[in-house]
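K.L.:
sequence below, structure please.
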Amino acid sequence: MFINKLRQSVKPIMVLICNHPFNEQLANGTLSPKKLKRFLKQDSFYLIDYADALERVAHELPDPHHGNIFRKFANETIASERDIHKEYTLPLAQEKSAACVEYTQYLLSTAYAPNKPIAEKVASLVPCILIYNVLGKQASENKTENNPYQKWIDLYSNDEYSASADLAIEVLNDLGTTASAETKIKMFAAFQRATQLELAFFDDAYYNQKVMWPQSETPDSPSNETQPTDPTLARTLQSK
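P.N.:
As a prediction, the model looks like this:
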């Protein structure tokens with residue numbers, strides 16, 4: 001399956017994400033509420049732009065079945081995630097963090113780019129769905145009693161969310177199977193880039209770092225990117 005090749009290409013980054021102190025401590029219930037609140041405040045910004053990108057791509061997908069899947073993501077999935085935010089009664093963040101800006105700008109610029117293949121656009125959006133399913137299942141398998149974050153874990157590990165992840169894989173596999181060699185390269189680049197930015201998002205929430213993230217108008221051209229000053233992300237890029 002095409003998804004297996006994509007996952008293999010981001011395996012070093014996924015190790016860092018799964019072993020990230022934010023995710024490990026959330027899973028065992030020891031994460032500082034302050035760190036979770038910082039994450040959720042930025043996630044509230046992220047979800048608005050993510051839903052926008054999903055809707056845009058849904059309109060462009062040539063297969064009506066694929067389009068309906070992405071509209072479902074933009075509506076039902078986003079709504080269910082926002083329910084989690086209500087659990088923690090958060091004041092709104094005043095502005096996006098550097099990591100949130102970098103991630104949302106990348107997703108939106110990719111989704112709205114007139115000349116990018118639709119398969120590349122899909123590849124940029126799917127990592128978010130898959131990563132949280134992996135994290136939810138990982139935490140669920142090592143359940144801690146009286147975990148204050150259990151509802152977060154339940155959301156991302158339940159059957160409904162897992163079914164959404166499977167649908168995302170279905171669309172990605174269908175597009176990857178029929179894509180040209182050139183488009184496949186762009187799909188790999190988009191999938192890797194989005195996964196890197198997920199890691200950066202966790203770094204920002206946990207370490208509260210304002211760093212210079214890689215800047216590039218063409219994320220599928222690594223030679224055009226500058227090296228990040230954040231050491232974790234730098235290690236990730238070097239490991240690819």
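K.L.:
so residue 72 versus residue 161, what's the distance?
P.N.:
Here the criterion is C-beta to C-beta, to the nearest Å. By it, residue 72 lies 12 Å from residue 161. (C-beta placed from N, C-alpha, C; glycine too.)
K.L.:
next one: residue 59
P.N.:
Per C-beta to C-beta, residue 59 is found 24 Å from residue 161.
K.L.:
looking at those two, which one has more neighbours?
P.N.:
residue 161 (20 against 11; other C-beta atoms under 10 Å).
K.L.:
thought the more buried one was touching residue 137?
P.N.:
No - applying C-beta atoms under 8 Å as the test, residue 161 and residue 137 come out as separate, 9.5 Å apart.
K.L.:
which element is residue 132 on?
P.N.:
Secondary structure from DSSP states H and E places residue 132 in helix 118-141.
K.L.:
using the three-state scheme, assign the residue nearest to residue 149 when sequence neighbours are not counted.
P.N.:
Spatial nearest neighbour of residue 149, excluding adjacent residues (C-beta to C-beta, 6 or more residues apart in numbering): residue 26 at 5.2 Å. Under DSSP: H, G, I helix; E, B strand; the rest coil, residue 26 falls in the helix class.
K.L.:
and residue 147, by the same measure?
P.N.:
At residue 147 the chain is in coil, as set by three-state DSSP.
K.L.:
got phi/psi on it?
P.N.:
Main-chain torsions, residue 147, degrees, to the nearest 10: phi -70, psi 120.
K.L.:
my guess is it contacts residue 25. True?
P.N.:
No - counting by C-beta under 8 Å, residue 147 sits too far from residue 25 to count as a contact (10.5 Å).
K.L.:
what residue ranges in the chain are flagged as low confidence?
P.N.:
77-78, 80-82, 84-93, 209-240 (pLDDT under 70).
K.L.:
the helices in it, which residues?
P.N.:
Counting by DSSP state H, residue ranges of the helices within the chain are 2-9, 11-18, 21-28, 33-60, 64-72, 78-87, 98-112, 118-141, 150-157, 159-178, 181-207, 231-239.
K.L.:
and the third one, what's buried?
P.N.:
Within helix 21-28, the residues that qualify as buried by neighbour count (16 or more other C-beta atoms under 10 Å) are 22-23, 25-27.
K.L.:
isn't residue 199 right next to residue 20, touching?
P.N.:
Yes - Residue 199 is within contact range of residue 20, at 7.3 Å (criterion: C-beta under 8 Å).
K.L.:
neighbour-wise, which of the two wins?
P.N.:
Neighbour comparison, residue 199 and residue 20: the larger count goes to residue 199, with 22 against 19 (by other C-beta under 10 Å).
K.L.:
what about that one, distance to residue 178?
P.N.:
30 Å.
K.L.:
over to residue 155?
P.N.:
In this view, residue 155 and residue 178 are 33 Å apart by C-beta to C-beta.
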